[in-house]
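Q: the following block contains a protein sequence and its predicted model.
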Amino acid sequence: MLWNDEFETLPREAIESLQLKRLQQTVQRVYATVPFYRERFRAAGIAPAQIKSLDDLRRLPFTLKQDMRENYPYGLFAVPLDQIVRIHASSGTTGKPTVVGYTRRDIETWAELMARSFVAAGAHRGDVIHNAYGYGLFTGGLGAHYGAEKLGASVIPMSGGNTKKQIMIMRDFGSTVLTCTPSYSLYLAEAAAEEGIDFRTLKLKVGIFGAEPWSESMRQEIEEKLNLKAIDIYGLSEILGPGVGIECIEAQKGLHIWEDHFIPEIIDPDTCEVLPHGEQGELVITTITKEGIPMIRYRTRDITRLISEPCICGRTHMRLARMSGRSDDMLIVRGVNVFPSQIESVLVGIDGVEPHYQLIVDREENLDTLEVKVEVNERTFSDEIKVMQVLSARIQKEIKDLLGVTCKVRLVEPRSIARSEGKAQRVIDKRPR
Ligand code: DLL
């Protein structure tokens, strides 16, 4: 089932001509209203009138998170503040947050795209959507909320935290759809087990998880523990928030990016060259309908590839492969590129450990060290020391086989790694910079 039959199934040529028209309008508009873009375009020697085909997109300069920081807070807004009805900001672990503003029409577009996304995930009017994404400056809570209302479902604005209460509400209110980060879903499963509540007795049928990288094996674990279909949703505040792309429940293979509103490109993060279709690299997105803060060739830092083959669901919009991580989260340990999600996929495949882990990178005598701290389950914890030794040797070997990196494995007690209600902190990099 589709939410917007016409736009979700536009033939390729129609998508592309719509994209070109909207791109031209966007470029004209930012040139006229945002000094930052005007200067950048001039420096690159390109005028809006020179954008004659979608290929000309490549002639435009990239926009970076750094540019948003330097224009903090409102420098990239393309409309006066009296047309902005909502402001969000990304938490940003270092420095100032990045600030984004939405016009009334932007909020409507966002709700439309989230409604589409819910339907793609198998949610409908009549569903009870338990929204455990955080409400606040983070876009997850309100983004999902407006989409759920637009869909006509009953939304429970839980936000994150208060985990025991979440489970009670889920059970008593008959929640059918859960929205939260994948790591929080596992925390909910754990807390439910402690309360003696079996997810099989709940009405949940689908979970819509995103906001952080997760692996295919993590999906299997979540589907088993929560007894639902786990759907991957992607988005970022700079572009919209949740709802930039989502997997369809029919295929669960790749996330349809809503191409009537965004133009995706994949570049080599080192050379910035646009890569041919199907190759893995950094995702760059241009918004073509946003009014408040349009983004031209925004470098997301997320690593993925584009899938252009038709999908069995009938949607014609291209898909993004599951994000394999962020280029700035990628650890370089003794010269080897390591994504946390690769280590996660090893851990999830091993019996006796839980998918609660942290990677601690440090430097000793000029050499990088990688420690993988991972929780064992209750059963393993009460076993003999020898069992634990065999287990850690096995994890070490599997990581070495997959990545070619030798790491130290530290098995820790069940529930000793801090749980997160939002995005999990997987990497602690203690190396001097
Ligand atoms: O995380 C928006 C969101 C909310 C998406 C709820 C999905 C669900 P930010 O806080 O700006 O926005 O963080 C954006 O999170 O660049 C990715 O690195 C990461 N991310 C988001 N979704 C996924 C996903 C929201 N499905 C950053 N897989 C992005 C992997 C994801 N990483």
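A: Nice, thanks for sending it over. Fair warning: this is a prediction, and the values are worked out from it, not measured in the lab. Numbers count the residues shown, from 1 in each chain.

Q: any buried residues in stretch 35-54, and which?
A: Judged by neighbour count using 16 or more other C-beta atoms under 10 Å, the buried positions of stretch 35-54 are 36-37, 40-41, 46, 48, 51. C-betas here are computed from N, CA, C, even on glycine.

Q: can you give me the end-to-end distance of that stretch?
A: From its first residue to its last, stretch 35-54 covers 24 Å (C-alpha to C-alpha, to the nearest Å).

Q: before we move on, what about stretch 109-129?
A: Comparing the first residue of stretch 109-129 with its last one, the separation is 20 Å (C-alpha to C-alpha).

Q: close to the ligand, is that stretch?
A: No: judged by C-beta under 6 Å from any ligand atom, stretch 109-129 and the ligand are separated, with a smallest distance of 9.4 Å.

Q: hang on, the earlier thing: closest one of the buried residues of stretch 35-54 to the ligand?
A: Of all the buried residues of stretch 35-54, the one with the least separation from the ligand (C-beta to the nearest ligand atom) is F36, at 19.9 Å.

Q: please settle this for me: is that closest one part of a helix?
A: Yes: F36 sits within a helix when classified using DSSP: H, G, I helix; E, B strand; the rest coil.

Q: give the contact list for it.
A: Under the criterion of C-beta atoms under 8 Å, 6 or more residues apart in numbering, the neighbours of F36 are 67, 71, 75-76.

Q: now the two most distant members of those residues.
A: Using C-beta to C-beta, the two most remote members of the contacts of F36 are D67 and G75, lying 8.8 Å apart.

Q: quick one: Y31 and E39 touch, right?
A: No: with contact defined as C-beta atoms under 8 Å, Y31 does not count as touching E39 (10.1 Å).

Q: can you pull out the helices in the stretch 101-250 of the chain?
A: In chain order, the stretch 101-250 of the chain shows helices spanning 104-120, 139-151, 163-172, 182-194, 216-226, with DSSP state H, counting those that start in this stretch as the criterion.

Q: what comes up buried for stretch 81-91?
A: 83-84, 86, 88-90.

Q: turn these into a markdown table, columns for pLDDT, distance to I266 and secondary structure.
A: Rendered in a markdown table, the data for these read as follows (pLDDT from 0 to 100; distance: C-beta to C-beta, whole Å; DSSP: H, G, I helix; E, B strand; the rest coil):
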| residue | pLDDT | distance to I266 | secondary structure |
| --- | --- | --- | --- |
| Q83 | 98 | 33 | helix |
| I84 | 98 | 31 | strand |
| R86 | 98 | 30 | strand |
| H88 | 97 | 26 | strand |
| A89 | 94 | 27 | strand |
| S90 | 86 | 22 | coil |
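
Q: residue numbers of the stretch 301-433 of the chain in contact with the ligand?
A: Selection of the stretch 301-433 of the chain residues close to the ligand by C-beta under 6 Å from any ligand atom yields 302, 323, 326.

Q: against I257, how distant is the first one?
A: What that stands for is D302. With distances taken as C-beta to C-beta, to the nearest Å, D302 is found 12 Å from I257.

Q: report pLDDT for S91.
A: At S91 the predicted local distance difference test score is 70.

Q: dump the residue contacts of the closest residue to it other than its chain neighbours.
A: Using C-beta to C-beta, 6 or more residues apart in numbering and skipping the chain neighbours, the partner closest in space to S91 is P97 (6.3 Å). When contacts are counted by C-beta under 8 Å, 6+ apart, P97 is found next to 89-91, 137.
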